[in-house]
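Chemist: what follows is a predicted protein model with its sequence.
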Amino acid sequence: MDAKYARKLAARLNTDGWHYGGLPGLQWEAENARRGEPQLMRRIVDELRSDVRFQEFYHACINCGNCTSMCPAFRFVDFEPRIVVQKVMHAKDEPELLYQMMDEYLWACYQCYSCWEVCPAHNNPGGLVALLKEAAVRNGLESAKRTLEPYSKTLFKVMATGTQITPDMHMLFAPFRDWGPHKAELVKNIRTERQGVPVESMWGVMDKGWRVPKRTMLELFIIERESGVLDSVRNSSKDVVDMVEEAGKELEESEKNG
Amino acid sequence: MRKPVRNWRSLRRMANTIIDSGGGEEIELKEEDAKYFEKLVAERRAKLALGTVEDYLRMLEKMRELEASGEIMVHHVEEDYEPVSVRTLSGRTKKVPTVDTWQHKSCGQCGHIPGYVTSLFWIMRELGIPFIDDTNQTSCTAWNYYGSGTSNTVALSSVFLRNMHVAYEKNAYPLIHCGTSYGDYKECRFLVVMSRDIRERVRNILKKVDRDLVIPEELVHYSEWLHVMRSRIAEKRKYDVSGITAAVHAACHTYKLMAEDYTYDDSVMGGVKPAPTTSVALALGAKVADYSTWYDCCGFGFRHILTEREVSRSFAYFRKIQPVVREAKADVLLVHDTGCVTTFDKSQFVFHAHGYKESVPVISDSQFAALTMGAHPFIVCQLQWHLADWRPLLTKMGIDWEKAQSEYKSYLEGIKKGGRPEFIRSPPRKLAPRVKT
């Protein structure tokens, strides 16, 4: 980081370092932004602004706070859609504003889109968060890697089979201890319960939501490969993508062999 | 006839007056004023901010233009699908198909709340309505996208149109079970129609999986199907549910994500809240009680329900379950989406362990309707997968759940010995599959 740029950043902080770019920012966020690579920060802004959806999702923020007042995440964690839109608004000149938020902040969003419906300026803060999460994954930010790690089973299931929260994910009680003793009872008999479901597509199926044919999974794999999803996710969750590719190649072989 | 008016304040006042009086009045306007006046009327009718509705209607117009120019195919809600019209938030009339629907199942529902789907299929069978439960379907995959940014527009749109093409080939109209798939598909459709770049990239990918670009004329959520079928469902009710008070939670992705296209009805909640689900409960004879946090989401958050559950359950319990019990004094919380059932149903136990008392059973509108029609609570409605105590509800509905539980135990014994369920199958279809185009 050159001295001029460092001075510019320092000038934006108050004596406690609690405000950044005229917008609320936590101390550690400001620190993260100081450590960020300027090229990466600029690239993220460029990717965001060149996305075709950006024109739909961002217009101009009037700082009314309607979005925050309706935001479920705001009630329980440190997150405000208004701050997201404000930082997007200023990011063209100060890309570090976006970066500091992407390192952790925006993963709190529930993606419920309550903010979008109430915005008088037609901004879509939830949509902007989705674009930024996508950029975080594509650029392999540490926050994305950390976030995807405990989520990897679901990530794999959706990518490989097109279904998830499958019965075999419920075969152990431990991950669902907080769901109570009733859940423990269900876990004991889950195979039989599943065989009692009177719909043919779901009957007895444990590893998928329904009986997905191989050809269907292969089509999904081709879509993920051709649309760049595999390349993008590889930067943040290599192991999962390796497994998806392995499964996809097996499907391709199987198709070739009839 | 009114005199021409000049300024926008007068136009706005006039738009409000005309809508309040029910319309039908002729006014004379300059051409440039007329355009603005139309916008104002659309805004007022839709109860949305200016611009949104217009964009949405423009997209639908462009879809028709693309079809006319041969650039895309549109899967129309033809008369064969016996459509029923509803009003959407945009003020536009939407056609909801009622027969020969292609069941677009939900990845979250089928795996661990199967009663959602089994109840819907059972209702269709009881009404003699043909449907297709196709295994050649993926989920929308948007769980990954909204939860963790692990997809992109082209992929989501390709998955959407891949599934829609399967339905088109089968000559069945897609009926989308999941609120998120419904919202995601509306978003994808908007982008595919409005962006040539996305459209062409998606078209190229579809070619690689041997599929064509066919866009549905209407995107329809199953709760809208239940809404238009509510009178026929009510005719078949077996239990009197007039003593039941229901609270309703509408899923964010049905009515906040591309809000313009969901169903509203002036006779339900004054036309200012989504009509489906509430309308079904009312048609069945139950009371529906309002509560102050009706607009709040469930707390699901996609990733949060899996990896940050303390956030999800705190929100679900304190912002929804407590108000539903304290304010609405509800016997049941009715919902129409996968994530909402999961979050509300699974988030109560921890609070009870901490001494909180509020509890309410959480089921889908399809399960409530099926129960009222006399479906078996466990074999058909699969209530055993639900954790919040449903016993008080069934007792109040007049359902002998202890007898049903004993029957279910015998049923499972039969299954353990190698027996098969009596599958819920569609009545014979009226439409033949299309030849692949």
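Modeler: Alright, I've got the coordinates.
Chemist: which bits of the stretch 1-150 of chain A sit near chain B?
Modeler: A:51-53, A:56, A:70, A:72-73, A:75-77, A:107-114, A:116-117, A:119-120, A:122, A:130, A:132-137, A:144, A:147-148, A:150 (Cβ under 8 Å from any Cβ of the partner chain). (C-beta placed from N, C-alpha, C; glycine too.)
Chemist: quick one: buried ones out of those?
Modeler: A:51, A:53, A:56, A:70, A:72-73, A:76-77, A:107-114, A:116-117, A:119, A:122, A:130, A:132-137, A:144, A:147-148 (16 or more other Cβ atoms under 10 Å in any protein chain shown).
Chemist: taking the residues of the stretch 1-150 of chain A next to chain B one by one, which sit in strands?
Modeler: In strands, defined here by DSSP state E, there are no members of the residues of the stretch 1-150 of chain A next to chain B.
Chemist: tell me which of the residues you listed fall in helices.
Modeler: Among these, DSSP state H puts A:56, A:72-73, A:75-76, A:114, A:116-117, A:130, A:132-137, A:144, A:147-148 in helices.
Chemist: so what's residue B:4 scoring on pLDDT?
Modeler: Confidence per residue is given as pLDDT, and for residue B:4 that number is 51.
Chemist: do you know how far the residue in the stretch 301-437 of chain B that chain A sits nearest to is from residue B:332?
Modeler: Closest approach between the stretch 301-437 of chain B and chain A, counting by Cβ to the nearest Cβ: residue B:349, at 3.3 Å. Distance, residue B:349 to residue B:332, by Cβ to Cβ, to the nearest Å: 18 Å.
Chemist: tell me who's in contact with the closest residue to residue A:200 other than its chain neighbours.
Modeler: Spatial nearest neighbour of residue A:200, chain neighbours left out: residue B:423 (5.1 Å); criterion: Cβ to Cβ, 6 or more residues apart in numbering or on different chains. Residue B:423 makes contact with A:198-200, A:203 under the criterion Cβ atoms under 8 Å, 6 or more residues apart in numbering or on different chains.
Chemist: settle this for me: residue B:74 is touching residue B:213, isn't it.
Modeler: No. Using Cβ atoms under 8 Å, residue B:74 is not in contact with residue B:213, being 10.0 Å away.
Chemist: quick one, what contacts the closest residue to residue B:336 other than its chain neighbours?
Modeler: Taking Cβ to Cβ, 6+ apart, and ignoring the residues beside it in sequence, residue B:336 has residue B:223 as its nearest neighbour in space, at 3.9 Å. Under the criterion of Cβ under 8 Å, 6+ apart, the contact partners of residue B:223 comprise B:254, B:276-277, B:280, B:336, B:365.
Chemist: break the chain down into its domains, please.
Modeler: Using chain A. Per the record, chain A has its domains at A:3-139, A:148-256, by automatic domain parsing.
Chemist: wrong one, I was asking about chain B
Modeler: Domain assignment for chain B by automatic domain parsing gives B:56-222, B:230-416.
Chemist: for these, give me a markdown table that also has mean neighbour count and mean pLDDT.
Modeler: Output for the domains of chain B, formatted as a markdown table (neighbours: other Cβ atoms under 10 Å in any protein chain shown; pLDDT from 0 to 100):
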| stretch | mean neighbour count | mean pLDDT |
| --- | --- | --- |
| domain B:56-222 | 22 | 96 |
| domain B:230-416 | 21 | 96 |
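Chemist: nearest to residue A:224 among these would be which one?
Modeler: Ranking the domains of chain B by their distance to residue A:224 (criterion: Cβ to Cβ) puts domain B:56-222 first, at 6.1 Å.
Chemist: OK, contacts around the residue nearest to residue B:103 when sequence neighbours are not counted?
Modeler: Nearest residue to residue B:103, sequence neighbours excluded (Cβ to Cβ, 6+ apart): residue B:133, at 5.1 Å. Residues in contact with residue B:133 (Cβ under 8 Å, 6+ apart) are A:199-201, B:103, B:105, B:121, B:426.
Chemist: can you do 10 Å?
Modeler: Under the criterion of Cβ atoms under 10 Å, 6 or more residues apart in numbering or on different chains, the contact list for residue B:133 reads A:199-202, A:210, B:102-103, B:105, B:117, B:120-121, B:124, B:423-426.
Chemist: for stretch B:323-340, what is the distance to the chain centroid?
Modeler: 16 Å (Cα atoms, centre = their mean, to the nearest Å).
Chemist: returning to that earlier point: just among the contacts of residue B:423, which is most surrounded?
Modeler: Neighbour counts for the contacts of residue B:423 were taken using other Cβ atoms under 10 Å in any protein chain shown; the highest belongs to residue A:199, with 24 neighbours.
Chemist: quick one: secondary structure of it?
Modeler: Taking DSSP: H, G, I helix; E, B strand; the rest coil as the rule, one finds residue A:199 in the coil state.
Chemist: pull the contacting residues for it.
Modeler: Contacts here follow Cβ under 10 Å, 6+ apart; on that basis residue A:199 touches A:205, A:210, B:103, B:105, B:110, B:114, B:117-118, B:120-122, B:133, B:380, B:382, B:421, B:423-425.
Chemist: got it, and residue A:148?
Modeler: Taking Cβ under 10 Å, 6+ apart as the test, what residue A:148 contacts is A:136-137, A:154-155, A:233, A:236-237, A:239-240, B:144, B:147-150, B:303, B:307.
Chemist: circling back to that earlier point, lowest average pLDDT across the domains of chain A?
Modeler: Within the domains of chain A, the least confident segment by mean pLDDT turns out to be domain A:3-139, at a mean of 83.
Chemist: touching chain B at all, the lengthiest helix in chain A?
Modeler: What stands out as the longest helix in chain A, according to DSSP H, is helix A:238-256. Yes. Figure legend: helix A:238-256 in contact with chain B (Cβ under 10 Å from any Cβ of the partner chain); contacting residues A:240-241.
Chemist: do stretch A:211-220 as well
Modeler: Yes. Stretch A:211-220 comes into contact with chain B when judged by Cβ under 10 Å from any Cβ, the residues involved being A:211-213, A:215-220.
Chemist: can you pick the most crowded of those?
Modeler: Neighbour counts for the residues of stretch A:211-220 next to chain B peak at residue A:220, which has 29 neighbours (criterion: other Cβ under 10 Å).
Chemist: secondary structure of it: a helix, I assume?
Modeler: Yes. Going by three-state DSSP, the assignment for residue A:220 places it inside a helix.
Chemist: which residue is the nearest non-sequential neighbour of residue B:361?
Modeler: That would be residue B:390: by Cβ to Cβ, 6+ apart, it lies 4.2 Å from residue B:361.
Chemist: from memory the one you found sits against residue B:332, does it?
Modeler: Yes. Look at residue B:390 against residue B:332 with Cβ atoms under 10 Å: they come within range, at 8.2 Å.
Chemist: center of chain A - which residue?
Modeler: In chain A, the centroid-proximal residue (Cα atoms, centre = their mean) is residue A:133; its distance is 4.6 Å.
Chemist: ok, now which ones touch that residue?
Modeler: The contact partners of residue A:133, by Cβ under 10 Å, 6+ apart, come to A:102, A:106-107, A:109, A:111, A:141, A:143-144, A:147, B:145-150, B:303.
Chemist: swap in 8 Å and give it another go.
Modeler: Applying Cβ under 8 Å, 6+ apart, one finds that residue A:133 lies in contact with A:106-107, A:144, B:148-149.
Chemist: before we move on, what about residue B:371?
Modeler: Taking Cβ under 8 Å, 6+ apart, we find residue B:371 in contact with B:119, B:239, B:363, B:377, B:381, B:394, B:397, B:399.
Chemist: kind regards, and thank you for your time.
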